[in-house]
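1. coords below, sequence missing:
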């Protein structure tokens, strides 16, 4: 297989209202089966998402006020936010680079919608059936540095689920699912660079990932885990604070309630003694650490019967 990645120089500064599709066609001359990748920065500029006279901290707080947004972790000046799009990013994806000093750039309002529109307009201008991805830079848990990912997509197979297939040794695959849209975004970034003013890229050689005209697919939203499905919904410190606070509104990021076996193992580790199975739950000696421990596992503490006041009963918070 031969994969070609092309990111041209000479793209003019993009301003609010600019015709991105026209700029893409002029810069890339795409043909059927190509994957066109556009940085979120120029999408945001064209869509008027620049906020002059706003510092990054104020912009992040404004983003946190959006429905569905929340803090995942804070460390000094760094705030990791799950934003309204479900993307978990430093500063909620607010960007202060490659813009005029004293300004910040917000992410596109609807990256998948932008990708769909660009796909249609590119086809109208040059007749090419292409896939389109809107890309942005993000860090990765447990890894130093950043890479580009797809935050919007249209006409593209974004995920290749291998579940149920077998490898060359006959082993059945269960969780393998290459994030193709993100891999293409990373390949494009190698050609684009960060400081070379190359906001458009074209990947040629993976035509089988381009969907037929009129079929946009699920978009990059399909790569975002639903709230509660991520095993790391909070940072380590934040998880402790949330569990101690015990606000029911914070339960979802902790995920589905743990099984009785999982909670019993945690109780034994913390208290140093086994829990007793009772109807609908577990009984264990009363301890001030029970409430946050139960909360973090999706359970709640109830008082034991009067004759066994030294015991507490723990049952699932949502039956």
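-> On my side now, so go ahead. Remember, predicted model here, so these are calculated numbers, not experimental data.
2. ok, residue 300 - contacts?
-> 291, 294, 314-317 (CB atoms under 8 Å, 6 or more residues apart in numbering). The C-beta positions use only the backbone N, C-alpha and C, and glycine is treated the same way.
3. element containing it?
-> Assigning secondary structure by DSSP states H and E places residue 300 in strand 299-303.
4. now do residue 181
-> Counting by DSSP H and E, residue 181 is part of helix 180-192.
5. repeat for residue 134
-> strand 131-140.
6. one step back: tell me the helices and strands packed up against the next helix or strand along the chain from the strand holding residue 300.
-> Scanning forward in sequence from strand 299-303 by DSSP H and E, the next helix or strand is strand 311-316. Here strand 311-316 touches strand 281-285, helix 290-296, strand 299-303, going by 3 or more CB pairs under 8 Å, 6 or more residues apart in numbering; DSSP states H and E.
7. now render those as TSV, adding mean pLDDT.
-> Output for these, formatted as TSV (pLDDT from 0 to 100):
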stretch	mean pLDDT
strand 281-285	93
helix 290-296	95
strand 299-303	86
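8. distance to residue 191 added to the ones you listed, as CSV?
-> As requested, the helices and strands packed on strand 311-316 are exported to CSV (distance: least, CB to CB, whole Å):
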stretch, distance to residue 191
strand 281-285, 56
helix 290-296, 44
strand 299-303, 51
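9. out of these, nearest to residue 266?
-> Closest approach to residue 266 among the helices and strands packed on strand 311-316 (CB to CB): helix 290-296, 6.3 Å.
10. quick one: the closest one to chain centroid distance?
-> Mean-position distance between helix 290-296 and its chain equals 27 Å (CA atoms, centre = their mean, to the nearest Å).
11. quick one: contacts for residue 136?
-> Here residue 136 is in contact with 39-41, 87, 89, 93, 107, 148-149, 151 (CB under 8 Å, 6+ apart).
12. recalculate using a threshold of 6 Å.
-> Counting by CB atoms under 6 Å, 6 or more residues apart in numbering, residue 136 makes contact with 40, 151.
13. got a pLDDT number for it?
-> We have a pLDDT of 97 for residue 136.
14. what do you get for residue 25?
-> pLDDT, read off for residue 25, is 98.
15. in terms of helices and strands, where is it?
-> helix 20-28.
16. now the closest residue to residue 107 other than its chain neighbours: how far from residue 152?
-> What sits nearest to residue 107 in space, not counting adjacent residues and going by CB to CB, 6 or more residues apart in numbering, is residue 93, at 4.3 Å. Distance of residue 93 to residue 152, given as CB to CB, to the nearest Å: 12 Å.
17. looking at these two, which is more packed in?
-> Neighbour comparison, residue 93 and residue 152: the larger count goes to residue 152, with 28 against 25 (by other CB atoms under 10 Å).
18. pull up the pairing partners for the host helix or strand of that one, direction included.
-> In this structure, residue 152 is located in strand 143-154 according to DSSP H and E. With DSSP bridges as the test, strand 143-154 is paired with strand 131-140 (antiparallel).
19. in the strand it pairs with, which residues are buried?
-> 131-138 (16 or more other CB atoms under 10 Å).
20. all strands for the stretch 51-200 of the chain, in order.
-> All strands of the stretch 51-200 of the chain, identified by DSSP state E, counting those that start in this stretch, fall at 70-75, 78-82, 88-90, 103-105, 131-140, 143-154, 200-204.
21. save the ones you listed as a markdown table, and put in distance to residue 56 too.
-> Formatted as a markdown table, the strands of the stretch 51-200 of the chain follow (distance: least, CB to CB, whole Å):
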| stretch | distance to residue 56 |
| --- | --- |
| strand 70-75 | 14 |
| strand 78-82 | 10 |
| strand 88-90 | 10 |
| strand 103-105 | 5 |
| strand 131-140 | 15 |
| strand 143-154 | 16 |
| strand 200-204 | 26 |
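22. by mean pLDDT, flag the weakest helix or strand of the protein.
-> strand 299-303 (a mean of 86; mean pLDDT, DSSP states H and E).
23. mind listing the strands that one pairs with, and their directions?
-> Under the rule (DSSP bridges), strand 299-303 has strand 311-316 (antiparallel) as partners.
24. off-centre distance for the helix or strand that contains residue 41?
-> Assigned by DSSP H and E, residue 41 falls within helix 40-46. Remark: helix 40-46 is offset 19 Å from the chain centroid, using CA atoms, centre = their mean.
25. which residues sit against that helix?
-> 14, 18, 20, 105, 107-108, 114, 134, 136, 151, 199.
26. mind doing that once more with 8 Å?
-> 11, 14-18, 20, 50, 93, 95, 98, 105-108, 111, 114, 134-136, 151-152, 199-200.
27. of these, buried ones?
-> 11, 14, 20, 50, 93, 95, 105-108, 111, 114, 134-136, 151-152, 199-200.
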